[in-house]
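Colleague: Kindly generate the corresponding structure for this input.
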Amino acid sequence: MSEARPGEPPISEADTAGLPSPIAADLLEASTCCTVGAYRAAGLLVRRAVEQVAVLRRLPLEMRTLDQKLGWLLEAGHLSADVLPDARTVRHLGNAAAHGANAVTMDEACAGVRSGLAVAVGVLLAG
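Modeller: Below is the predicted model:
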């Protein structure tokens, strides 16, 4: 993965190799959103992808918010401390995209896509 430049996707299909297809599809669609200026959409798709990661790890149903889900992944040992900053990036981006009044920038969206990929790989493929 390299830093995205305007018009270039922050991740590629090769980056998502080995991930479940629904998660890879959301991450790749979020990456495409970054190339067309749909930064809020990118944030929402990344958040959705990470929520799917949590579901695949069979989190308890009472975990409703993304913050609760990420906390559970960490406490259950599915999310390592070195990926925690990426998880926080996804949470902040997802909240800004879903609830924020300010625009999501290209840099925020692209960083969020890369962070979402890091969380998915770290939780589902590491070890």
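Colleague: which residues sit in contact with residue 24?
Modeller: Residues counted as contacts of residue 24 (CB atoms under 8 Å, 6 or more residues apart in numbering) are 13, 16. Any C-beta I mention is one placed from the backbone N, CA and C, and that applies to glycine too.
Colleague: go on, the one 10 residues further on?
Modeller: Residues in contact with residue 34, defined by CB under 8 Å, 6+ apart, are 4, 9, 10, 42, 106, 109, 110, 113.
Colleague: cool, and residue 89?
Modeller: Residue 89 makes contact with 111, 112, 115 under the criterion CB under 8 Å, 6+ apart.
Colleague: What is the nearest of these to residue 81?
Modeller: Nearest to residue 81, judged by CB to CB, of these is residue 115 at 14.7 Å.
Colleague: in the host helix or strand of that closest one, what counts as buried?
Modeller: Element membership for residue 115, per DSSP states H and E: helix 106-124. Residues of helix 106-124 classed as buried by neighbour count (16 or more other CB atoms under 10 Å): 106, 108-124.
Colleague: Let's test this: mean pLDDT of it, rounded?
Modeller: Here helix 106-124 scores 97 as its mean pLDDT.
Colleague: Show me what it is packed up against.
Modeller: helix 21-35, helix 39-56, helix 84-99 (3 or more CB pairs under 8 Å, 6 or more residues apart in numbering; DSSP states H and E).
Colleague: for the longest one, which positions count as buried?
Modeller: Of the residues in helix 39-56, those with enough neighbours to count as buried (16+ other CB under 10 Å) are 39-54.
Colleague: go on, the shortest one?
Modeller: Taking 16+ other CB under 10 Å as the basis for neighbour counts, the residues of helix 21-35 that come out buried are 23, 24, 26, 27, 28, 29, 30, 31, 32, 33, 34, 35.
Colleague: so can I have CSV of those residues showing distance to residue 101?
Modeller: Below are these laid out as CSV (distance: CB to CB, whole Å):
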residue, distance to residue 101
23, 29
24, 31
26, 25
27, 26
28, 28
29, 24
30, 21
31, 25
32, 25
33, 20
34, 21
35, 25
